[in-house]
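Student: Could you look at this predicted model? Sequence included:
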Amino acid sequence: MLPSRSARWVRGARSGFLCFLLGSSLALGGGKKHRKTSPTPSPGQASEAIGLKNIPLTIGHEAKGIVFPDYDLRGRLVGRFEAGTAARIDENRVRFTELKMQTFDQKEQPDFDIAMAHAILNLETHILESQERATIKRADFEIAGDAMRFNTGTHQGTMTGNVHMTIFNQKEISGAKPKR
């Protein structure tokens with residue numbers, strides 16, 4: 001009778017040990033699948049949940065030395081805002097002083113550097129407006145004007161007033177061959 005009881009115990013111990021190994025391997029393997037991913041909006045989710053709509057300012061509050069990124073719907077960096085002060089005027093507008101904005105191209109490489117003394121950003125239309133002198137710099141040109149309107153979504157804008165443009169590599173832009 002004793003041999004039979006010990007055989008049951010050995011089979012039970014083996015089964016328990018195998019269950020323990022199987023459970024622990026599943027637990028360890030399952031932990032590797034969890035990755036931090038950037039949130040992707042669902043088709044029904046409005047674009048307001050991503051990008052410039054999430055500026056952490058309450059209405060009437062002014063923040064000094066604020067820096068924040070601007071992402072598109074795919075999660076790519078399209079802009080970086082750095083302001084001396086930022087204040088939310090109302091639900092849809094933010095006022096900046098000493099604003100330095102850098103835009104990025106499709107490959108997230110720096111494209112434009114924009115400097116404005118005072119500007120207002122409309123969060124609904126993504127239009128940045130300044131009624132004071134503003135400057136846009138890129139590797140091949142620099143342009144400055146008395147007033148500026150810039151769409152942060154399309155990277156297109158207009159300058160009015162006394163506009164001055166300096167082109168650094170005119171031969172490269174025109175495609176002209178250098179004289180010998």
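Tutor: Everything's here; your move.

Student: If you average the pLDDT over the helix or strand hosting residue 116, what comes out?
Tutor: Per DSSP states H and E, residue 116 falls inside strand 110-122. Here strand 110-122 scores 94 as its mean pLDDT.

Student: so after it, what's the next helix or strand?
Tutor: Heading C-terminal from strand 110-122 (DSSP H and E), you reach strand 127-130.

Student: Phi first, then psi, for residue 163.
Tutor: phi -100, psi 130 (degrees, to the nearest 10).

Student: residues near it, how many?
Tutor: Counted with other Cβ atoms under 10 Å, the neighbours of residue 163 add up to 13. Where you see a C-beta, it was placed from the backbone N, CA and C, and this is true even at glycine.

Student: measure it to residue 144 for me?
Tutor: Computed as Cβ to Cβ, to the nearest Å, the residue 163 to residue 144 distance reads 7 Å.

Student: And for residue 54?
Tutor: Taking Cβ to Cβ, one finds residue 54 at 31 Å from residue 144.

Student: The two: which is more packed in?
Tutor: Using other Cβ under 10 Å as the criterion, residue 54 and residue 144 rank with residue 144 on top: 18 against 12.

Student: beta partners of that one?
Tutor: Beta-bridge pairing for residue 144 (DSSP bridges): residue 135, residue 164.

Student: which ones are touching it?
Tutor: Residue 144 makes contact with 133-136, 159, 163-165 under the criterion Cβ atoms under 8 Å, 6 or more residues apart in numbering.

Student: what about burial for the residues you listed, which qualify?
Tutor: The neighbour count (16 or more other Cβ atoms under 10 Å) marks 133-136, 159 as buried among these.

Student: Farthest-apart pair in those residues, please.
Tutor: Greatest spatial distance in the buried ones among the contacts of residue 144: 133 and 136, 11.5 Å, computed using Cβ to Cβ.

Student: Number of residues surrounding the closest residue to residue 114 other than its chain neighbours?
Tutor: Leaving aside its sequence neighbours, residue 114 sits nearest to residue 101 (Cβ to Cβ, 6 or more residues apart in numbering; 4.3 Å). Residues near residue 101, counting by other Cβ under 10 Å, number 22.

Student: For the helix or strand where residue 101 lies, which outside residues touch it?
Tutor: Taking DSSP H and E as the definition, one finds residue 101 inside strand 93-104. Outside strand 93-104, the residues that touch it by Cβ under 8 Å, 6+ apart are 55, 57, 76-89, 110-123, 128, 152, 155.
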